[in-house]
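K.L.:
With the input below, show me the fold.
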Amino acid sequence: MKFKFFDKINSTNTYLRRQLKIEEFEVIVAKNQTDGKGKRDSTWISSEGAALFSFAVNDNYELDEKITIFTGYIVYKILKNYIENKDKLTFKWPNDIYYENKKICGILCEKVRDHIIIGIGININNTDFGIFREKAIALVEITGKKYSVQGIIEEIVSTFENEFHSLNREWESILHIVNENSYLKGKKIVIQQNGKLSKKEYRFLRVDRRGRISIIAKGDSDELKFTSLQFKVI
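P.N.:
Next up, the predicted model:
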């Protein structure tokens, strides 16, 4: 595991995407990102005190949608060790970690040639969330303690690397943990299509073996499954 550090960069994922040669598990770390992105080009507030980092893995393990969920599982596993009220920490499909109703971590995985770049942003010691103040939370706010950002990054990447090659073998048990600790468990959602929310309400069922979200509407007998889905929790 090697590290490259930047005080300021547009995006750690973008930096790796632009490299002609990508080395597996070389970690790019930034104090600030000027163009941090989430899934579907959503904005990620990237201020100093957060863990902002990316690394890549070789794309030869038939990972499909598993990689984002596996990354979330690893982050969830590590953050849980720092939090007393562990049941308040949950996984929100497909790429976020929540504490109660606020986001503490976002993940963005991107396929680039023969690699998958994994970008992670975790609110650790940062508390300036701008317009997202009501939707975000940091570890320091949960525990009242400040942490070594570098230490948490190293812990996440080393745990990821140690467990990565057994991903497929352990997939069922990983899915069980993800589903048992899902933010969407017991919640109703509405689907968003073409910028509009549907009137029909759905209930979250599970994340399936292929990493898809499975939902069902009241009165329906058939569940629907999606690899990608825009939705709103109601």
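K.L.:
pretty sure residue 13 contacts residue 116?
P.N.:
No. Residue 13 is beyond contact range of residue 116, at 10.8 Å (criterion: Cβ atoms under 8 Å). For glycine as for every other residue, the C-beta is placed from the backbone atoms N, C-alpha and C.
K.L.:
what touches both of those two?
P.N.:
Common neighbours of residue 13 and residue 116 (criterion: Cβ atoms under 8 Å, 6 or more residues apart in numbering): residue 110.
K.L.:
Quick check on those two: which one has the bigger neighbour count.
P.N.:
A count of neighbours by other Cβ atoms under 10 Å puts residue 13 above the other of residue 13 and residue 116, at 26 against 21.
K.L.:
Let me see the contact set for the more buried one.
P.N.:
Listed by Cβ under 8 Å, 6+ apart, the contact set of residue 13 reads 37, 54, 108, 110, 117, 119.
K.L.:
out of the residues you listed, who's nearest residue 226?
P.N.:
The shortest gap between residue 226 and any of the contacts of residue 13 belongs to residue 108, at 18.3 Å (Cβ to Cβ).
K.L.:
Tell me where the protein has helices.
P.N.:
All helices of the chain, identified by DSSP state H, fall at 12-17, 66-80, 139-143, 149-164, 167-180.
K.L.:
list the contacts for residue 142?
P.N.:
83, 99, 104.
K.L.:
Just the buried ones from the residues you listed?
P.N.:
99, 104 (16 or more other Cβ atoms under 10 Å).
K.L.:
what would the contacts of residue 142 look like in JSON lines with pLDDT and distance to residue 32?
P.N.:
Below are the contacts of residue 142 laid out as JSON lines (pLDDT from 0 to 100; distance: Cβ to Cβ, whole Å):
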{"residue": "83", "pLDDT": "97", "distance to residue 32": "25"}
{"residue": "99", "pLDDT": "98", "distance to residue 32": "23"}
{"residue": "104", "pLDDT": "97", "distance to residue 32": "19"}
